[in-house]
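Asks: Here is the input, now give the coordinates:
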Amino acid sequence: MAEQHTLPDIRGGDEAHRILNEVHPPSEILVASDFHLGRGRQPDTRRFVRTENFISDQAFGRWLRAMRPEENKLLILNGDTFDFIRIGDYPGSTEESTEEFDKWRSLLARLGVDKSVEQLRAAISKSEQRFGLQTEDYKCVWKLLQIAEGHEEFFHALAQWVKDGGSLLMVKGNHDLELYWPLVRRALCAFLEDHGASKEAISQRVFYCDSSICIGNVYIEHGHQYDSQQRIKDGPTLPHRPSELNLPLSTFVARYLVNPLEKLEPFLGSIRPTERILWIILRRHPIAGITVLSRSLRFIRRAAEVSRIRDSFWFTIYFATVALPLVTFALFAFILIYYRTRGWLASGSHKWILLFGVVGILAPYIAAALREFFFWLANRHRPAIGEDEFAQGVYKKIEATFSPDKEIYAVMGHTHDQDVQYLHVPKGPKVLYLNTGAWIPVWPEDRPDLAGQVLFPFVHFQLRSKSEYRHCYYEWRDDRGQPAEAYILAPAGK
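Replies: Predicted coordinates:
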């Protein structure tokens with residue numbers, strides 16, 4: 001058995017709140033989110049794997065060095081730092097399978113988990129060989145090991161930040177729900193130690209947050225709980241299988257559908273709105289796209305059976321809008337090819353087929369109208385707070401928590417859209433909502449000037465008085481080696 005090391009204690013929840021508010025309040029806070037680290041670079045060629053979205057390890061390191069890590073500086077990675085969903089392979093899928101299992105076993109032994117290579121091999125099902133490992137804690141450790149090996153420069157920069165005196169707060173997002181497991185947190189501590197941070201530094205200056213945290217007048221939350229397709233209900237683990245995480249339906253769509261499609265078209269997960277993804281695939285790779293879709297739907301259907309009715313409804317509408325035009329096209333092709341159906345159509349007794357064709361062609365627009373209508377229906381009686389459900393949701397939470405005379409910053413990520421909104425209602429707290437966007441390429445439909453760009457956004461807070469912070473919204477300009485003011489465009493109609 002490999003030697004077991006004593007790893008630093010894990011600080012999270014109430015203890016993190018107490019230390020960062022009462023014991024050592026940070027003089028400066030840096031907040032960034034949505035890095036989505038996947039498998040990173042291949043060790044032999046140094047090429048990035050096709051499903052990787054984060055290609056800025058060196059820029060991240062230069063940013064942290066420029067921010068000069070020192071005592072009382074806090075770096076907050078506000079969710080989706082790691083993208084466990086993208087790790088779709090498994091130990092044994094390569095020729096170095098024995099070496100992979102040995103590394104996994106040795107890491108688990110270091111973390112205090114005794115499993116033999118034979119036990120690990122036997123724990124991998126046929127479904128996992130197809131779509132990647134499930135969410136038991138020891139399997140999530142293997143996924144984090146793949147991320148760490150593919151992003152050594154990122155982990156080195158993070159460890160150097162802690163080593164040089166900076167503090168680190170890891171907030172859990174919907175793509176790194178696996179940070180819920182203490183074993184995964186201990187593995188992250190082990191990787192930081194391997195890259196130069198001491199046990200003492202990690203123990204004193206690395207913190208974790210499962211949902212939200214408030215430091216002075218800065219409220220931090222990833223934001224997926226305000227997304228109807230991403231929110232987690234009924235606890236972090238499955239009631240009937242507490243060793244596995246409770247995942248939203250959209251995670252299964254990403255795992256069973258988007259991951260295979262990204263092997264055809266990289267960065268698909270960065271396209272907004274997500275409804276465009278399948279149309280892009282069907283336009284560029286129709287045969288391969290339909291093959292992936294047909295193979296994946298039964299797994300998505302199985303996941304939908306245990307999901308909330310509302311979420312399943314919207315995914316049914318989504319896939320129906322994709323399938324209906326294809327069915328319509330196939331029907332017309334059959335009519336034109338098969339001579340008997342041409343006469344049947346010309347008889348005029350089945351003109352409803354033409355109506356079916358029109359509906360098929362208009363399906364995407366009908367779905368968009370339905371989504372817009374139901375969103376209006378759900379929000380018509382709510383006060384006009386903010387411009388979207390994320391701003392509305394966080395304000396409602398802050399309004400119930402803080403006194404009306406408070407001025408609060410609400411910092412979130414998740415949407416990948418940089419944003420600033422002022423939120424206020426009579427007799428309610430004043431809230432400046434800040435969304436830190438993403439550190440991966442973006443393709444926003446309403447910003448063609450940003451197509452494929454990586455912007456490196458972050459928010460910088462400085463302590464001005466006791467528990468009162470003031471902010472600056474920046475983008476790291478890697479070509480200049482310094483931050484610059486972010487330029488954020490108001491949404492349509494504003």
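
Asks: which residues touch the nearest residue to residue 245 once chain neighbours are set aside?
Replies: Sequence neighbours aside, residue 135 is the residue nearest to residue 245 in space, at 4.0 Å (criterion: CB to CB, 6 or more residues apart in numbering). Every C-beta, even on glycine, is put in place using the N, C-alpha and C of the backbone. By CB atoms under 8 Å, 6 or more residues apart in numbering, the residues touching residue 135 are 84, 177, 178, 244, 245, 247.

Asks: Below-threshold pLDDT in the protein: ranges please.
Replies: In the predicted model, the chain carries pLDDT under 70 at residues 1-10, 93-97, 272-276, 278-279, 292-364, 366-368, 370-371, 374-384, 493-494.

Asks: which ones are touching residue 62?
Replies: Residue 62 neighbours (CB under 8 Å, 6+ apart): 478, 481.

Asks: so where does it fall, helix or strand?
Replies: Residue 62 belongs to helix 57-66 when assigned by DSSP states H and E.

Asks: which SS state does the residue nearest to residue 255 when sequence neighbours are not counted fall under?
Replies: Of all residues not flanking residue 255 in the chain, residue 85 sits nearest, at 5.4 Å (CB to CB, 6+ apart). The assignment at residue 85 comes out as helix when based on DSSP: H, G, I helix; E, B strand; the rest coil.

Asks: Against residue 98, how distant is the residue nearest to residue 245?
Replies: The gap separating residue 135 from residue 98 is 25 Å, by CB to CB, to the nearest Å.

Asks: Residue 141 now?
Replies: As judged by CB to CB, residue 141 and residue 98 stand 18 Å apart.

Asks: quick one, which of the two is more surrounded?
Replies: Shown here are residue 141 and residue 98; by other CB atoms under 10 Å, residue 141 has more neighbours (23 against 12).

Asks: so how far is stretch 38-52 from its chain's centroid?
Replies: Relative to its parent chain, stretch 38-52 has a centroid offset of 19 Å by CA atoms, centre = their mean, to the nearest Å.

Asks: which parts of that stretch are buried?
Replies: Neighbour-count burial for stretch 38-52, counted by 16 or more other CB atoms under 10 Å, picks out 38, 39, 40, 41, 48, 49, 51, 52.

Asks: quick check, the second one in a helix?
Replies: No. Residue 39: not assigned to a helix; according to three-state DSSP it is coil.

Asks: Confirm for me that it is in contact with residue 86.
Replies: Yes. Shown here, residue 39 and residue 86 form a contact pair, counting by CB atoms under 8 Å, at 7.0 Å.

Asks: the helices in the stretch 151-300 of the chain, which residues?
Replies: Taking DSSP state H, counting those that start in this stretch, the helices of the stretch 151-300 of the chain run over residues 152-163, 182-194, 199-205, 249-253, 259-262, 276-284, 286-304.

Asks: and of those, who's closest to residue 237?
Replies: In terms of CB to CB, the element of these nearest to residue 237 is helix 182-194, at 12.8 Å.

Asks: Once you drop chain neighbours, what's closest to residue 263?
Replies: Nearest one to residue 263, counting by CB to CB, 6+ apart, is residue 50 at 5.3 Å.

Asks: Next, residue 68: secondary structure please.
Replies: With three-state DSSP as the basis, residue 68 sits in coil.

Asks: That one: neighbouring residues, count only.
Replies: Neighbours around residue 68, by other CB under 10 Å: 12.

Asks: Roughly how far does it sit from residue 165?
Replies: According to CB to CB, residue 68 stands 9 Å off from residue 165.

Asks: re earlier: element containing the residue nearest to residue 245?
Replies: Short version: residue 135 belongs to no helix or strand, going by DSSP H and E.

Asks: on that earlier part again, if I follow the layout properly, the residue nearest to residue 255 ends up in contact with residue 259?
Replies: Yes. Under the criterion of CB under 8 Å, residue 85 makes contact with residue 259 at 7.3 Å.

Asks: which one of the two has more residues nearby?
Replies: Between residue 85 and residue 259, counting by other CB under 10 Å, residue 85 is the more crowded of the two (27 against 23).

Asks: can you tell me which residues contact the residue lying closest to residue 277 once chain neighbours are set aside?
Replies: Nearest residue to residue 277 in three dimensions, chain neighbours excluded: residue 268, at 5.2 Å (CB to CB, 6+ apart). By CB under 8 Å, 6+ apart, the residues touching residue 268 are 258, 261, 262, 277, 280, 281.

Asks: Also residue 198?
Replies: residue 163.

Asks: so how far is residue 445 from it?
Replies: 47 Å.

Asks: Likewise for residue 428?
Replies: Residue 428 is 33 Å from residue 445, by CB to CB.

Asks: again with residue 406
Replies: 36 Å.

Asks: Give the burial count for residue 240, as a bare number.
Replies: For residue 240, the count of nearby residues is 7 (other CB under 10 Å).

Asks: That should have said residue 430, apologies.
Replies: Residues near residue 430, counting by other CB under 10 Å: 15.

Asks: looking at it, it is touching residue 406, isn't it?
Replies: Yes. Contact criterion CB under 8 Å: residue 430 and residue 406 qualify, at 7.4 Å.

Asks: which SSE is residue 30 in?
Replies: strand 28-32.

Asks: Go through that strand and flag the buried ones.
Replies: 28, 29, 30, 31, 32.

Asks: likewise stretch 485-493?
Replies: Across stretch 485-493, burial judged by 16+ other CB under 10 Å covers 486, 488.

Asks: you'd agree residue 129 is in a helix?
Replies: Yes. Under three-state DSSP, residue 129 falls within a helix.

Asks: Could you tell me how far it is located from residue 120?
Replies: Taking CB to CB, one finds residue 129 at 13 Å from residue 120.

Asks: Likewise for residue 255?
Replies: For residue 255, the distance to residue 120 - CB to CB - is 21 Å.

Asks: now do residue 37
Replies: 23 Å.

Asks: higher neighbour count, those two?
Replies: residue 37 (29 against 20).

Asks: Look up how far residue 124 lies from that one.
Replies: Counting by CB to CB - residue 37 and residue 124 are separated by 23 Å.

Asks: quick one on the thing from earlier: which neighbours do residue 39 and residue 86 have in common?
Replies: Common neighbours of residue 39 and residue 86 (CB under 8 Å, 6+ apart) are 51, 52.

Asks: hey, where'd the strands end up in the stretch 101-250 of the chain?
Replies: For the stretch 101-250 of the chain, strands defined by DSSP state E, counting those that start in this stretch occupy the ranges 167-171, 206-209, 212-215, 218-221.

Asks: I'd like to know which elements the last one is packed against.
Replies: On a contact count with 3 or more CB pairs under 8 Å, 6 or more residues apart in numbering; DSSP states H and E, strand 218-221 meets strand 73-78, strand 167-171, strand 212-215, helix 389-401, strand 407-412.

Asks: Okay, now the sheet partners of that strand, with direction.
Replies: strand 212-215 (antiparallel), strand 407-412 (parallel) (DSSP bridges).

Asks: Using JSON lines, lay out those together with mean neighbour count.
Replies: Output for the strands paired with strand 218-221, formatted as JSON lines (neighbours: other CB atoms under 10 Å):
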{"stretch": "strand 212-215", "mean neighbour count": "21"}
{"stretch": "strand 407-412", "mean neighbour count": "23"}
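
Asks: Looking at those, spot the one closest to residue 148.
Replies: Among the strands paired with strand 218-221, strand 212-215 comes nearest to residue 148, with 24.8 Å by CB to CB.

Asks: so how far is the closest one from its chain's centroid?
Replies: 20 Å.

Asks: Can you tell me the SS state at residue 427?
Replies: Here residue 427 is coil, with the state taken from three-state DSSP.
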